[in-house]
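>>> Quick one: sequence and predicted model below, then my questions.
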Amino acid sequence: MSAKNKLVEDNPSPVYFEDRGAVYDAPLDVVWDFWLKDETYHPKAHTSEVRNFRMKELSEVTTLLRYEALEAGHWRKRACRMTVIRPAVRIQEDLEGPSAGSIKVYVYTPRGSRTAVDVLCWMRSTELTPKQIEVETRRVFANAFREDLPWFRKYVQSRKGRG
């Protein structure tokens, strides 16, 4: 049996974990507008590990996303279905690639003038052990948050200038 098949056999069910604690210094509606409506700042946020991003609307709340992600120095094709129920939740279902079958639920919670984003993860991989899945997923989340922040702050500043 190959090492890849061994990982799949040893990991038949998803690995569950939570990634909590990301907080944006803006109200819920501003955070959502940055992710869903902004065409100036947010598109610049995730260029180091994601490229060739394409979207196809499937319904009022669901979009099919196709893109390439940089993993271990190689660009790999990915596809996921994103369901957005504003203002509470985004659900990402991975459809293609080594994490196919994984689900991430992003929960948005207003905290006064700030917004907390917590992620509930049911992750699978044909290439990683359960521990590696969690470590790599948390690394990706931390990187995404780091890449979002400077552009998010610029977006918030641009909105203040409109008022």
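All right, it came through fine.

>>> by contact count, what packs against the top strand by length along the chain?
Ranked by number of residues, the top strand in the chain under DSSP state E is strand 74-85. Secondary-structure packing of strand 74-85 (3 or more Cβ pairs under 8 Å, 6 or more residues apart in numbering; DSSP states H and E): strand 62-71, strand 89-96. C-betas here are computed from N, CA, C, even on glycine.

>>> Which positions within the helix or strand that comes right after the shortest one qualify as buried?
Remark: after strand 89-96, the chain's next helix or strand is strand 103-111, criterion DSSP states H and E. Buried residues in strand 103-111, counted by 16 or more other Cβ atoms under 10 Å: 103-106, 108.

>>> as a whole number, average confidence for the one helix or strand residue 140 maps to?
Element membership for residue 140, per DSSP H and E: helix 130-162. Averaging pLDDT along helix 130-162 gives 89.

>>> That one vs strand 62-71, what angle?
Between helix 130-162 and strand 62-71, the angle comes out at 120 degrees (axes from the mean of the first three to the mean of the last three Cα atoms, to 10 degrees).

>>> Tell me the buried residues in helix 130-162?
Those buried within helix 130-162 under the rule 16+ other Cβ under 10 Å are 130, 133-134, 136-137, 141, 144-145, 147-148, 151-152, 154-156.

>>> which helices and strands does that helix pack with?
strand 15-24, helix 28-36, strand 114-123.

>>> Dump these to CSV, plus mean neighbour count, mean pLDDT and distance to residue 73.
Listed next are the helices and strands packed on helix 130-162 as CSV, based on neighbours: other Cβ atoms under 10 Å; pLDDT from 0 to 100; distance: least, Cβ to Cβ, whole Å:
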stretch, mean neighbour count, mean pLDDT, distance to residue 73
strand 15-24, 15, 93, 24
helix 28-36, 17, 92, 28
strand 114-123, 18, 96, 21
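
>>> Show the end-to-end separation of stretch 30-49, please.
End-to-end distance for stretch 30-49: 25 Å, by Cα to Cα, to the nearest Å.

>>> no no, stretch 41-61
Start-to-end, stretch 41-61 (Cα to Cα) is 22 Å.

>>> contacts for it?
With Cβ atoms under 8 Å, 6 or more residues apart in numbering as the test, stretch 41-61 has contacts from 34-35, 63-70, 75, 81, 83-85, 140, 143-144, 147-148, 151-152, 154-155, 158.

>>> which of the residues in that stretch are buried?
Buried-residue list, stretch 41-61, by 16+ other Cβ under 10 Å: 41-42, 45-46, 50.

>>> one step back: export the helices and strands packed on strand 74-85 to JSON lines and append columns for mean neighbour count and mean pLDDT.
Formatted as JSON lines, these follow (neighbours: other Cβ atoms under 10 Å; pLDDT from 0 to 100):
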{"stretch": "strand 62-71", "mean neighbour count": "15", "mean pLDDT": "89"}
{"stretch": "strand 89-96", "mean neighbour count": "16", "mean pLDDT": "95"}
